[in-house]
Structure formats: structure tokens, C-alpha cells
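Novice: Sharing a model that was predicted from the sequence below.
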Amino acid sequence: MKGAVARLLLVMGLLAIISRAQVLRVDSGTPVTLAAGALLLCGLFAGKVAKGMGLPRLTGYLLVGVAVGPYVLGFIPGEGVKGLDLVKGLAVSLIALVAGTELRLGLIRRVGARVALLCAAVCGVTFIVCFAATVALKPLLPFLATLTLPQVLAVSALLSTVVVSFSPTVTIAIVQETSARGSFTEFLMALVIIGDLFVMVAFALAAGLTRATFGGGLDVAGLLSGVGWELFGSVAVGGLLAVAMLVYMRGVKQELPLFLVGLSFAAAEGGTRLHLSPLLVSLAAGALIANLDEREGERIHHAIQRAGLPVFALFFAAAGAGLKLDALVTVGPAALLLVVLRGGAIWFSCRRFAPADDPRLKSHLWMGLISQAGVTFGLAALVSRTFPSFGPQVEVLIVAMITAHELVGPVLTRRALTASGEVRTDEAPGTA
Amino acid sequence: MQALLVFLAIAALSLLASSPALDPVRFPALARLAAGGFLFLLFGVVLGPSVVGVLSEEDLYLLRPVMALGLGTAGVILGLNLEPRLLRLLPRPVYSAALAHAGTAFLFVTVPLFVPLLLTARPSLHAAVGAASLLGAAASLSSGHFAVLAYRSGRMDRARGLGVALLTMLDDAVGLVVLAVALLLGAAPTAGEGLGLVCLAVLLGILCGALLAFLTHALKDPAELATVTLGMVALVGGAAAYLRVSALLAGVACGATLALVGGRTTERVARALGRVERPVFLVLVFLVGCGVYTRDWAAWALVPGFVGLRFLGKVVGGTLAQRFARGVLELPPRVGYALIAQGGLALCLVAEYQLLVPGGLSRRVLDVVVVGAVVNELLAGQAFRQVTTPLARMKPVPPPDVGVAT
């Protein structure tokens, strides 16, 4: 661990020199490539340090991102971190593709119904608790203070749907890091994925209602077609991608990692532009491949797993660098209260509604559901864009919550997997 | 930007996928251009702002981080090849031979083209000197991939093939020195400031190279090694782009420092970098192609002069090189004809120059060198036949499936 600390400090020293040298120049060029290199190197060694301290590597990636990012040491300019959005989209797609290859029909048949029921219960309870708390906090939240009662209810519902969301990326990354395998891990992964499908539908409905209360009219047909397009369109596009991948893998048989990166990139960017869910597109593609041709599914899994370390290190370090710490100061108390209530609601619903045949689900599952990352960020940004009158303030509140969840979530997820007894090894070579 | 990058990625991938369809027997020139990466250059020209316009000037500006990464990677790979220890072992006549063939081509192009550059663009005197020097530097560079392919396929004696490859490796150093001089003259208001910027790039590269050697020293896991290598390459290219100094020179300094102090790690780093060399190079040449302004008629007028004078310079320089290296380095007869292929470094030089010395003159230099490089690549195949022996020529020629980046 001492070696990793020394290496991390040396890299940070070099970054300090570079940022000092920049002050001497009148003009500066693009900082995006610098941000990518710096976060990759810092992330890797911070991950090793975190592992040495008994924490998940992910926590190291996030914390070092925060440290070298624009809000603390300022070695990496905000413009550089913003330029890495492209990498974030790519990482989410790759992670979802790997997760998809785990979704075999057998697994869905075995745990699908039970997961869906528990997911509905967890999401429902968490939504109700957060909704009630937001309405009660109206005097303390400036963006609710001037609204009418129907508007307050609609905005609270919108905020609560976003607050409910989970983080498939963090869960999958921790599962890969710990090489966890077993029924508990399968249940957890299926739950966070299905949970996000629930959130997508609920978010579209809540956004439609909010628009109606602000005078935009309630367009039920448009609402349903929008939700339908996002869900079924994503699956259909994912199916097309799966066919393209299978044709490539069987026909060309070379440069597979490069091809997968290109295609995941296309899924991320194309999906966003077509108002589809990039996560669902890649998930569907991975699941289809794994179920149509198991051998090719394994090939994809291994190809991406080999590229997993740089992708995860860069993705989470960039997420850390992008955390708006100043948001914590302005809406900190309200965000902290919602974080505690959300955690409590998830804990309660898991204790109360988790299947009784596996006691581990009742006692440890809640810890794996605390993380929030990419999906929540995306929905918060969407609220900000769609409702410019109050959206930016809602986004600040949600980002403050994500900051807290990103710091404690990975630690709790790893603890859940360890407590379940399904962690095979502490360190798989080349994993996140 | 993002949608365009998608397009770029898909285009690159589709080309990769379709490469087996390029039958070298039916389309030898096309297959040769594809193997050298020049097909991507042409795609870039076609899709760039001055032809179809799929990518606009603004998109190209936004894609500068990718360009910085490409130039940094090319620099580090080049630096790793310029092993200081190996260079110290070479006898002096080898350097004289390399300098003769590179220097002759440099002078043959720089001196005659200085006047038309000065008259058509009307720049300041030292800007014109810088631009003409860069044209000369691009002309002095050669690619050894024909010689490597020839000795691998038995069409050329191994020692001779390696002799040609060594000469082409050494002329890279000439090209880089001229780039440094051109940047010194053009990248800052005063030559002193320009010198400071060149020194800053080299210092940055040395620091990064030494740190890379230390960081990778005890790493055993290949995934971690690849991550650190990629991270440092991005850091050196990115830091240079951020500080607005040469990413290529910083990369070369980084690679050379690693080669000097890295010990056994150097080979592992080179192997890790080798896996990304080809895709990064292809994207880089695509972007260089996008930067070509096809409606600059003065540039088109300069192309025949550039290609013709370079050809002459290489033939004469090759004869001189043969004379200097006699008894020390085995070279094929008429070695100048083996040095016609220009390679990717020439593209890197002019792309870097255009990034750091923006303006009409650097753009013209880029246009001339890009078009010239494609023509030279097409001429090189025919010219190389003059070097191989008649007996060997009768042996079947394998498809040019080896991609050589620089």
C-alpha cells in the first residue's frame, strides 16, 4: 500500500506542476485529454490505496476524483471534466452490456417474479416516504415555496421518483471487483436493473403530471407513447445491436474489443439522441446475445472485463471530479434528511417484504440498494432541462444526495456481498 | 461533437471490418493505401469541411483532445524506438548516411519552395522559413515498411532491409529537430519564447517518461500496466495540449526517457502501447485528412514541386548515403528508390505545426504534405521494384497486411 500511496502522490505532484505551469501561459488549450489521463492514473492508484484500507476500489476512484477535481485542489479544470461526459456514456453502455450477458432466461424465470414484487414494494415505500417528506419540507425548499398545492404535489412526486432510483453501474462494478457469484448477487443485480425500469416509467408519468399542473395540459397518449418508445424502442434497438454484434463476431472475428467500444459508444450517443435509454439498449443487446449464443456472450463478457479496469477507474474518478460540492453547502440539510429517510425506507421494505426463504435478503439486501450514480444524474439533468423554472434547484438537491450516496453506497454494497458469503476472491486480476 | 464521433467510430470500424474485401491482386494501390492507413486520410479529406462537410471547422476544434491523444501516442512510440543506448552504439558513418539522405531531400524541397511560399502567402520572413523548413522536414522523412515487408517475404536480403529501416528510423530524428526549429520560429512572438515552449515540451516529456518508468516498475498485472501506460500517454499528450506546447515532442521525450531508464519495463510498455497504436493512428490520420482545405489552388500547385523535388532529393541522397555507409551498413543498390514512401510521421509533423502555428501558411503546408504523402505512397510501390533483385521479384508477393504507422 505504501508503494501505491507514493505513486499516487507523485502523480498528484506532476499535476500540481502542470497546473502551476499553466498559470505562466497566457492562453490554454483543451484540458480534456489531460483530465482523462490524470483521472485514469490517479484513479488506479487511489483504488489500490482504498483496497489497502479495506474499502472498495470504487470509493478510491471517487474520492481521488473529488480531490483533484475543480472543487478541491483544482488540478483538473471543470471544462476538462465536462468533456469526459462522452467517456461516461461509453462506460455506462459497456457496463450494461456486461450486465446484460448475465441476464439468462433461466435466471429471469427463477427469480423474475419475486424480484419484481420486492422491487415494487421497495420503490413504492421509498417513494411514499420521500414524497411525504418533500411535501412536509415545503417551507424549507425555496423551489416549492411559491407553488400551488397541486404543483407542490406534482413536483414532489417528480423529485421522489428520481430519489428512488438505484445504481446498476455501481452494483455491477462492485460485483466485478469482488467476483461475487450466487443467488444473493443475482437477486441484487436483477433488482437494481428492474428497479431502474420502474423508475423510468414512473418518471415519465410524473413528468407528464407536472407538465399538466404547470399549464402544459395532460397528453395521455403522448405520455404513454413516450414511455412505450423509451422501453420497447430501447429493447428493439438493443436487439438490432445484438444482431450486428453476432454478425460481426461470427464474420470478422478480429478487433472485438475495438468493435464493442465503438458499438457501445454508438448505443450511448445514438440512444440519447433518439430519446431511448442507453442503459436499456445495451442491457437488451447483452441479454439477447447471451441467450441466443452463450459462447459469444462469454466472449463479450471477457473482452469487456479485460477493458474493465481503465473504464471503471476513469468513469468513477470523473464522476467524483464532477460532484458539485458547493451544492452540499446550499441544500445540505434537506438532502441529508432525504438520504436518511431513503435509506430507512429501503431498509424497512427489505426487512418487511423480502422473500423469507433466504434470510440474507432480509438482513443484507438493503445495503446493496443505497448507491446512486449515472441514472440518477441523467434524470436530474432531464428535470433541469424540462422544467427550467424550478428544475435547476431540484437538480442541485438531487446532486447533493448523489454525492452522499456515491461515497457510502459502494462501501455498503461491498459489505452486503461480503455478508452474503458470495464474494469469491478479494481481487480478481484486471478487474475494477 | 458526440454524434460526429459516433460517425467517426462507426466509419473506422466499418473500414476495419471491410478490410479483408480489399483484394491486393485486384486493387493493389487501394490495398496499399489501406495497409498504410492512407485510406482513412482520404476519407477524412472527403468528409472534412472543405468537401462534403460532414465535419465542420467547429467539430474539428472540438475534436482536438483526440488529436492531442493521437500525437502524444505517436510521439511516445517514436521515442521508444529512438533508444538512446542503441543510438550511442551506432558508428558515425551511419549517422552521416542518414543525414545525407534526409538532409538532401530537406534541402531539395526547402530551398526551391521557400520562394513560392513567400510569394503566395506573403508571411513574415521567419514564418516563411519555418513553413518551408517544415515542408523540407516532411520530405526528409521516409517509411521503412516496404523494406520490412520485402525482407520478411524474401524479396530482399535481411541485412539490406534492416539497413533501410535503420536509415528511416534515423531520419525521424531529423524531422523532429526541424519541427522544433519551426515551432521555435513560429509558435511564439519571439524566438526566445519559442525556445522556452520547446524546452517546456521536452521537460514535460522527460518528467512523464521518468514517472512512467517508476509507476510501471513493480506492476505485474497486465491490465494495470496497460491502464498506467494509456493514462500516462493521455497525460503527456493532454498536458502538452493544455499548455499549448508540442504533444509530439513531449511524447518523444517521454518515450525516449522511458527507453533510457525503464529497463525491462520498456518492452512491456511498448507491447501495451502496440495494442492501441493502429486504431489511434487511424483516427489521427482521419482527423489530419479532415483538416485539408481542398480549394487552396496554390497548395495544389505546390504539390508536383514537392513530390518531384523530394523524389529527386531521395535518389541523390540515397546515392550519397550509400557512399557514406560503405563497409559499415549494408544497403541495396539505388537505395533512394526504397525511401520514397513517406509514412505517418510527416502527417504528425504538419498536424502539430498547424495546431500550434495556426494560419493560412501552416494550412497550406498541411495540404501539400497530405496530398504529397498519398502520391508518394502510390509511387513508392513502383519505385521499390527498382531496389529488389530480378530473381527475387519473381517470387509471389504476399498481401500488404502489415500496418506500419510511422
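Specialist: Received, thanks. Note that the coordinates shown come from a computational prediction; the quantities given were computed from them, not determined experimentally. Residues are numbered from 1 along each chain as shown, chains lettered A, B, ... in the order given.

Novice: okay, and for the stretch 201-350 of chain A, where does confidence drop off?
Specialist: Along the stretch 201-350 of chain A, the model assigns pLDDT under 70 to residues A:216-218, A:252-255, A:258, A:305-308, A:327-328.

Novice: Kindly report the same for the stretch 301-406 of chain B.
Specialist: B:389-406.

Novice: So what's the residue count around the residue in it positioned nearest to chain A?
Specialist: Going by Cβ to the nearest Cβ, chain A is nearest to residue B:355 of the stretch 301-406 of chain B, at 8.4 Å. Any C-beta I mention is one placed from the backbone N, CA and C, and that applies to glycine too. By other Cβ atoms under 10 Å in any protein chain shown, 21 other residues sit near residue B:355.

Novice: any idea how far it is from residue B:65?
Specialist: As for residue B:355, its distance to residue B:65 is 12 Å (criterion: Cβ to Cβ, to the nearest Å).

Novice: Spit out the residues that contact those two alike.
Specialist: With contacts defined as Cβ atoms under 8 Å, 6 or more residues apart in numbering or on different chains, the residues shared by residue B:355 and residue B:65 are residue B:241.

Novice: show me where the stretch 201-350 of chain A has helices.
Specialist: With DSSP state H, counting those that start in this stretch applied, the stretch 201-350 of chain A shows helices at A:220-228, A:234-251, A:256-273, A:278-292, A:294-306, A:308-322, A:325-353, listed in chain order.

Novice: Out of those helices, which one sits most buried?
Specialist: Mean neighbour counts were compared across the helices of the stretch 201-350 of chain A using mean count of other Cβ atoms under 10 Å in any protein chain shown; the top stretch is helix A:308-322, at a mean of 28.

Novice: That one packs against which elements?
Specialist: With contacts taken as 3 or more Cβ pairs under 8 Å, 6 or more residues apart in numbering or on different chains; DSSP states H and E, helix A:308-322 sits against helix A:32-52, helix A:57-68, helix A:78-82, helix A:85-102, helix A:168-178, helix B:222-243.

Novice: Identify each buried residue in the shortest one, please.
Specialist: Counting neighbours by 16 or more other Cβ atoms under 10 Å in any protein chain shown, one finds that the buried residues in helix A:78-82 are A:78, A:80, A:81, A:82.

Novice: Report the distance from that helix to the chain centre.
Specialist: 19 Å (Cα atoms, centre = their mean, to the nearest Å).

Novice: same check, this time on the second one
Specialist: On the basis of Cα atoms, centre = their mean, the separation between the geometric centre of helix A:57-68 and that of its chain is 15 Å.

Novice: For that helix, name the packing helices and strands.
Specialist: helix A:2-24, helix A:32-52, helix A:168-178, helix A:308-322, helix A:391-420.

Novice: One more: the shortest one?
Specialist: Taking 3+ Cβ pairs under 8 Å, 6+ apart as contact, the helices and strands that helix A:78-82 lies on are helix A:32-52, helix A:308-322.

Novice: could you dump these to CSV with distance to residue A:364?
Specialist: As requested, these are exported to CSV (distance: least, Cβ to Cβ, whole Å):
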stretch, distance to residue A:364
helix A:32-52, 21
helix A:308-322, 23
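
Novice: Which one, of those helices, ends up nearest to residue B:264?
Specialist: Comparing the helices and strands packed on helix A:78-82 against residue B:264 with Cβ to Cβ, the closest turns out to be helix A:32-52 (20.8 Å).

Novice: That closest one: how far from the chain's middle?
Specialist: For helix A:32-52, the gap between its own C-alpha mean and the chain's C-alpha mean amounts to 19 Å (Cα atoms, centre = their mean).
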